[in-house]
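Novice: Have a look; sequence and predicted model below, questions after that.
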Amino acid sequence: MQPELIATKKYADQSLRYLQNGVMSLNHGDYDKASEFFWGSIAQAVKAVAASRGLELKTHKELWDFTRELAKELSDPRIYEAFRTASYLHTNFYEVELEPEEVVTASDSIRAVVGQLLKELKYEIF
């Protein structure tokens, strides 16, 4: 298997694992933990898309830049908006200042975008 396909699968698998853990944390009322899992899920999904193109994203800036360009390329601002929302959740893990309803609402858009990104990769990694 080609290195970029191995990396793509690794990131996609991690994204799904974080997504599942985020849902379980929500169900247990552990909103700060869920926040971090949802951030991780979308970040790993973006890394999977980048890896499928032979790119490796190592910094938050590279993640932000790639996500912005991906949203433009796909003419879908929801991708960038969900990523930005996930960044707020990432902060919530440390600050624990968002209300549970905000985390739940944010998780809906993040889960939709993660699903969209991974669906686009499915033919390449499975």
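Specialist: Received the coordinates, thanks. These numbers were taken from a predicted model, which means no experiment stands behind them.
Novice: can you tell me the helix or strand for Gly29?
Specialist: Assessed by DSSP states H and E, Gly29 sits outside every helix and strand.
Novice: so how far is Ile42 from it?
Specialist: 22 Å (C-beta to C-beta, to the nearest Å). The C-beta positions use only the backbone N, C-alpha and C, and glycine is treated the same way.
Novice: residues in contact with the most centrally placed residue in the chain?
Specialist: For the chain, Ile42 is the residue whose C-alpha lies nearest the centre (C-alpha atoms, centre = their mean; 0.2 Å). Listed by C-beta atoms under 8 Å, 6 or more residues apart in numbering, the contact set of Ile42 reads Ser15, Ala82, Phe83, Ala86, Ile110, Val113, Val114, Leu117.
Novice: Likewise for Asp76?
Specialist: Gln116.
Novice: Would you state the predicted confidence (pLDDT) at the residue lying closest to Ala106 once chain neighbours are set aside?
Specialist: Using C-beta to C-beta, 6 or more residues apart in numbering and skipping the chain neighbours, the partner closest in space to Ala106 is Thr85 (4.8 Å). pLDDT recorded at Thr85 is 93.
Novice: Assign Thr85 to helix, strand or coil.
Specialist: Counting by DSSP: H, G, I helix; E, B strand; the rest coil, the backbone at Thr85 sits in helix.
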